[in-house]
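>>> With the sequence up front, the predicted model follows.
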Amino acid sequence: MVTVGTYVGIHGEEWDVLLDSEIRRARSIVPLLASESPIKPKRPLRLSVPQATLLLYDLQKRDRRGTVISQIFERVSREEAMLLWARVLGEYPPVRKRNFLRAIAKCSGYAAERLGQACKTHGIGAVVKSALDGSLPRSHEIVAGVPFSPAVYTRWVNWQPPYEHTLYEAISTTRAFVHKSPDGVWVFRRSGERWAPHPPLEGLPDCEEVVAEVEQRGDKLVLADLLHSSEHPQNWKRPCSERLKLARSLRDSDQLLSLLRNLERNTTLRLSDAGAPYFDSNGEGGCIAPSSLFEVPLLLTRVRVVDGMGELCLSAADGYDYEQVACVPCDPQILRVPRLRGHLTSRWVDIEALGVIIVCIAFGYDGESIDGCSPLRLDGSLGLSDTIQKGDLFALSDA
C-alpha cells in the first residue's frame with residue numbers, strides 16, 4: 001500500500017493517516033482506490049479471467065515498482081477496479097452470487113437459471129469452471145464420476161403424510177453414492193468426501209456406467225436407488241415408486257404414527273412422493289420424520305404419586321390461559337427434582353404456578369385430548385411461555 005501512496009503523490013505518513021481515518025470511520029478503502037481509475041479508459045485492458053488472476057497475483061506479490069498499480073489506475077475502468085481492489089484487500093463479497101452468476105451466464109451462453117440450479121447440486125466453483133469451458137450440460141443431469149450434492153430432505157412436523165401417495169424408508173445406517181465408469185469405481189459419502197477403502201458393493205447393474213445411492217448393511221453396500229446407468233442415463237427422473245428398492249407405500253396417518261411410535265433409536269423415516277423424481281429443481285427430494293420431531297412441551301398443572309407411580313395432568317396454552325389436554329402415568333424418576341420437592345404426595349397438588357414443563361411424545365390431537373401422550377423428561381430450561389399452544393397442536397394434526 002506504500003507503493004500506492006507513492007504512485008499518487010502522497011507522503012507515506014499522510015497515507016497512513018488517511019488509512020487510519022477511513023478505518024476508524026468503518027469505511028472501505030476500496031472506493032478511494034477505485035476513484036483513481038477512469039470511468040472509461042482510453043486504452044482499456046481486456047482481461048480474461050486467467051489474466052485478471054495473474055494481475056492480482058502480481059499486484060499482491062511482485063509489484064515493487066508500481067507497474068501493475070499504474071495499469072489499474074490508467075487502463076482499468078472504475079467499475080472493474082472496484083472488484084480488483086475488493087479482491088486484493090480481502091473484502092467479501094465484491095459482488096453478490098446472483099449477480100456473479102448473471103455475469104457468467106452472459107459470457108458463457110448459459111441461462112442464469114440453469115447456472116443457479118446447477119450450483120445447488122455441484123457447487124459454484126465447479127459450475128463456473130464447466131460453464132466457462134462449455135462442458136456444463138444444458139439440462140440437469142447426473143454424470144458418472146462427477147460428484148454432486150445429494151437431495152435435501154426437509155423436516156416433516158405433521159401427524160399426516162406429506163403426499164397423497166407417500167413412500168417411506170426407515171434409515172438407520174449410512175447412505176452413500178457410488179460412481180462407476182470405465183475409469184474406475186468411487187464411493188462418496190453424503191458430505192462429498194471419498195470413502196476409501198469402502199465395503200464391497202452388492203446389487204449394482206452390470207453395465208459400463210452407474211450412479212446409485214447405496215445403504216450400508218453389515219459389511220456390504222447394497223443398492224437403494226439407481227440414479228443413472230448406461231441403459232437409463234436419466235433414471236433419477238423416473239417416479240420414486242419405480243426406482244426405490246427399499247421403500248414401501250404408506251397407507252395413512254395411522255400407519256405413519258404407528259411407525260413413529262415404534263421407531264428405533266437413531267432411526268429416521270424418509271418420506272418421498274411416489275410420483276416425484278430423485279430431486280426437483282430446488283434440489284429437494286422429500287421429507288424426514290424422526291420421532292424427536294413429535295416432542296411437545298406441556299405445562300404440568302397437577303401431580304400426585306400413588307404406589308410409587310407418578311400421575312400427571314398436563315395442559316396446553318390457549319392464548320394466555322391453560323387447558324388440560326392429557327392425564328397420564330409417569331416414571332417417578334422424572335419428577336425427582338428439587339423444584340418439585342414437597343409436592344409429590346398421594347393427593348393431587350395444583351402446581352401450575354411453578355411453570356414446570358414436561359416434554360412428551362404425542363401423535364395426535366382431537367381438540368380435547370392428546371393421543372398417545374408419553375412423558376419423556378422435565379425440561380428446566382423452559383417456562384410458562386414455552387408451553388405449546390392449542391393452535392400448534394391443531395396444525396400438527398391437520399395436513
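Structure's in. What do you need? Numbers count the residues shown, from 1 in each chain.
>>> May I have the secondary structure class of the residue lying closest to residue 209 once chain neighbours are set aside?
Counting by Cβ to Cβ, 6 or more residues apart in numbering, residue 144 is the residue found nearest to residue 209 once chain neighbours are left out, at 4.3 Å. No exception for glycine: its C-beta is placed from N, CA and C like everyone else's. Following DSSP: H, G, I helix; E, B strand; the rest coil, the label given to residue 144 is coil.
>>> Contacts only, for residue 144.
Neighbouring residues of residue 144 by Cβ atoms under 8 Å, 6 or more residues apart in numbering: 179, 180, 181, 209, 210, 211, 228.
>>> how about 10 Å then?
178-183, 185-186, 208-212, 227-230, 233 (Cβ atoms under 10 Å, 6 or more residues apart in numbering).
>>> Check residue 132 too.
Residue 132 neighbours (Cβ under 10 Å, 6+ apart): 48, 49, 104, 107, 108, 110.
>>> The last one against residue 131, yeah?
Which is residue 110. Yes. With contact defined as Cβ atoms under 10 Å, residue 110 reaches residue 131; the gap is 5.1 Å.
>>> check which helix or strand covers residue 224.
Here residue 224, judged by DSSP states H and E, is contained in strand 220-229.
>>> do residue 317 as well
Assigned by DSSP H and E, residue 317 belongs to strand 309-318.
>>> what's stretch 330-342 in contact with?
With Cβ under 10 Å, 6+ apart, stretch 330-342 has contacts from 300, 303, 305, 308-312, 314, 343-344, 349, 351, 354-356, 358-360, 374-378, 380.
>>> filter the contacts of residue 144 to the buried ones?
178-181, 186, 209-212, 227-229, 233 (16 or more other Cβ atoms under 10 Å).
>>> how close does the closest residue to residue 324 other than its chain neighbours sit to residue 387?
Leaving aside its sequence neighbours, residue 324 sits nearest to residue 315 (Cβ to Cβ, 6+ apart; 4.9 Å). Noted for residue 315: a distance of 7 Å to residue 387, by Cβ to Cβ, to the nearest Å.
>>> shaky segments in the chain?
Along the chain, segments meeting pLDDT under 70 span 1-28, 47, 49, 57, 59-67, 90-95, 120-122, 139, 291-293, 397-399.
>>> Where do the helices of it begin and end?
2-7, 12-24, 30-34, 49-61, 67-75, 78-88, 97-108, 112-122, 124-132, 240-243, 253-261, 390-397 (DSSP state H).
>>> Output the ones you listed as JSON lines; include the columns distance to residue 328.
Compiled in JSON lines, those are given as follows (distance: least, Cβ to Cβ, whole Å):
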{"stretch": "helix 2-7", "distance to residue 328": "73"}
{"stretch": "helix 12-24", "distance to residue 328": "62"}
{"stretch": "helix 30-34", "distance to residue 328": "63"}
{"stretch": "helix 49-61", "distance to residue 328": "65"}
{"stretch": "helix 67-75", "distance to residue 328": "73"}
{"stretch": "helix 78-88", "distance to residue 328": "61"}
{"stretch": "helix 97-108", "distance to residue 328": "50"}
{"stretch": "helix 112-122", "distance to residue 328": "44"}
{"stretch": "helix 124-132", "distance to residue 328": "51"}
{"stretch": "helix 240-243", "distance to residue 328": "38"}
{"stretch": "helix 253-261", "distance to residue 328": "15"}
{"stretch": "helix 390-397", "distance to residue 328": "15"}
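>>> Need the residue closest to the centroid of the protein.
The residue lying closest to the centre of the chain (Cα atoms, centre = their mean) is residue 152, at 7.1 Å.
>>> ok, that residue - contacts?
Contacts of residue 152 (Cβ under 10 Å, 6+ apart): 120, 121, 279, 280, 282, 283, 284, 285, 286, 288.
>>> Between those residues, which sits nearest residue 266?
Distances from residue 266 to the contacts of residue 152, taken as Cβ to Cβ, are shortest for residue 288 (13.0 Å).
>>> my read: the closest one touches residue 269, true?
Yes. Look at residue 288 against residue 269 with Cβ under 10 Å: they come within range, at 6.8 Å.
>>> Mind listing the shared neighbours of the two?
Shared contacts of residue 288 and residue 269, counting by Cβ under 10 Å, 6+ apart, come down to 156, 169, 171.
>>> which residues touch the last one?
Put plainly, it is residue 171. 153, 215, 224, 246, 266, 267, 268, 269, 270, 288, 290.
>>> okay, those residues in a markdown table with distance to residue 127 next?
Output for the contacts of residue 171, formatted as a markdown table (distance: Cβ to Cβ, whole Å):
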| residue | distance to residue 127 |
| --- | --- |
| 153 | 23 |
| 215 | 29 |
| 224 | 27 |
| 246 | 31 |
| 266 | 35 |
| 267 | 35 |
| 268 | 30 |
| 269 | 33 |
| 270 | 27 |
| 288 | 27 |
| 290 | 32 |
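>>> Of those residues, grab the buried ones for ChimeraX.
Buried residues within the contacts of residue 171, by 16+ other Cβ under 10 Å, are selected in ChimeraX with:
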select :153,215,224,246,268,269,270,288,290
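>>> Filter the contacts of residue 171 down to just the ones in strands.
If you go by DSSP state E, these have 153, 215, 224, 268, 269, 270, 288 in strands.
>>> State which strand of the chain is the longest.
The chain, longest strand under DSSP E: strand 295-306.
>>> in that strand, what counts as buried?
Quick answer for strand 295-306 (16+ other Cβ under 10 Å): 296, 297, 298, 299, 300, 301, 302, 303, 304, 305.
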